[in-house]
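> Curious how this folds, go ahead:
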Amino acid sequence: MDLLLLSNSTNHGRGFLEHAGDEVRDFLTGVDRLVFVPYALADHDGYTEKVRTALRDVVEVVGAHEREDPREALAGARAVFVGGGNSFRLLSNLRTRGLLDALRGQVRSGHLRYMGASAGTNMACPSLRTTNDMPIVQPPSFETLGLVPFQINPHFLDASPGSTHMGETREQRIAEFHEENDVPVLGLREGAWARVSGTAATLGGETGAVLMERGRPARELAPGSDLGFLLDAHPRFDEPAR
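Coordinates of the predicted model:
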């Protein structure tokens, strides 16, 4: 499999995908048509046009929603980009439109490269359980694509020492997740990404990540770190995915 899993699509002060431009271009080398999946946002046309504009010098972009059956858009394509937005809405749409199984099969077989950002990166994990999003819709299951055997928390935020906010930090929320589930969680800071190629995985970007595991202290991962060991994870959730 070839995966590019971005924490975010827009960095502060930069254009859409600009912070990861070189990585995106490298990932799409040899690809002439990219299928964009816009279902995490309500405005499918506007979202697709935004991606077209950002990638106009890199690849032809086709919106999955521009076909009567979005699965038809995947035919002959060599790459797919699942965009960010609300993860619950995205997962519900992937299920109702028949894209969840179609994407899983084609990406796992190596026929399709998978690029995700934020909610799209959440979809590459086994479950939706480590998303930051509000459940604005209710999918029948939290089971996602399972392209990697570990969880990712995009937009990971470090605790601010001077903050007076009394709610849980992101790390505390993920510790709650680990009270019920045993699967590594990679907290990707904004500007970071995970690149997977076959049995190899690397942490990209400039901001690094935090790895959180059940029963172990959180540990810092620097940009360029080898993430290959995470591909050997054996996720255990509190109940079987349905």
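
> tell me which element V61 falls in.
strand 60-63 (DSSP states H and E).

> my bad, should have said G116
Per DSSP H and E: G116 is located in strand 113-117.

> do K50 as well
K50 is part of helix 44-54 when elements are defined by DSSP H and E.

> and the nearest residue to A40 once chain neighbours are set aside, what is it in contact with?
Sequence neighbours aside, G85 is the residue nearest to A40 in space, at 2.8 Å (criterion: Cβ to Cβ, 6 or more residues apart in numbering). The C-beta positions use only the backbone N, C-alpha and C, and glycine is treated the same way. The contact partners of G85, by Cβ atoms under 8 Å, 6 or more residues apart in numbering, come to 39-41, 47, 118-119.

> Most neighbours among those residues, which one?
S118 (29 neighbours; other Cβ atoms under 10 Å).

> Assign a three-state SS to the closest residue to it other than its chain neighbours, would you?
Spatially, and ignoring its direct neighbours in sequence, S118 is nearest to G84 (2.9 Å; Cβ to Cβ, 6+ apart). Under DSSP: H, G, I helix; E, B strand; the rest coil, the three-state class of G84 is coil.

> got it, and L90?
Classified using three-state DSSP, L90 is helix.

> for this structure, what are the low-confidence residue spans?
164-167, 239-242 (pLDDT under 70).

> residue ranges for the strands of it, please.
Ranges of strands in the chain, per DSSP state E, are 2-6, 33-37, 60-63, 79-82, 113-117, 151-153, 185-188, 192-197, 200-205, 209-212, 219-221.

> Sheet partners, orientation included, of the fourth one?
Sheet pairing here is set by DSSP bridges, and for strand 79-82 it gives strand 33-37 (parallel), strand 113-117 (parallel).

> Tell me which residues of the last one come out buried.
Of the residues in strand 113-117, those buried by neighbour count under the rule 16 or more other Cβ atoms under 10 Å are 113-117.

> Same question for the first one.
Within strand 33-37, the residues that qualify as buried by neighbour count (16+ other Cβ under 10 Å) are 34-37.

> just the residues you listed now: which is nearest G21?
L34 (14.6 Å; Cβ to Cβ).

> Nearest to V59 among the contacts of G85?
Looking across the contacts of G85 and measuring by Cβ to Cβ, the closest to V59 is Y47, at 16.4 Å.

> hmm, back to that, so can I have JSON lines of the strands paired with strand 79-82 showing distance to R214?
Below are the strands paired with strand 79-82 laid out as JSON lines (distance: least, Cβ to Cβ, whole Å):
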{"stretch": "strand 33-37", "distance to R214": "32"}
{"stretch": "strand 113-117", "distance to R214": "25"}
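
> Select, out of those, the one closest to G198.
Taking Cβ to Cβ as the criterion, strand 113-117 is the member of the strands paired with strand 79-82 that comes nearest to G198, at 12.1 Å.

> who's in contact with stretch 30-37?
28, 47-48, 51-52, 55, 59-64, 70, 73-74, 76-83, 90, 94, 99, 113, 120.

> Excluding residues flanking it in the chain, which one is nearest the most centrally placed residue in the chain?
By Cα atoms, centre = their mean, the chain has its centre lying nearest to T121, at 0.3 Å. Excluding the flanking residues, the one nearest T121 by Cβ to Cβ, 6+ apart is L5, at 4.3 Å.
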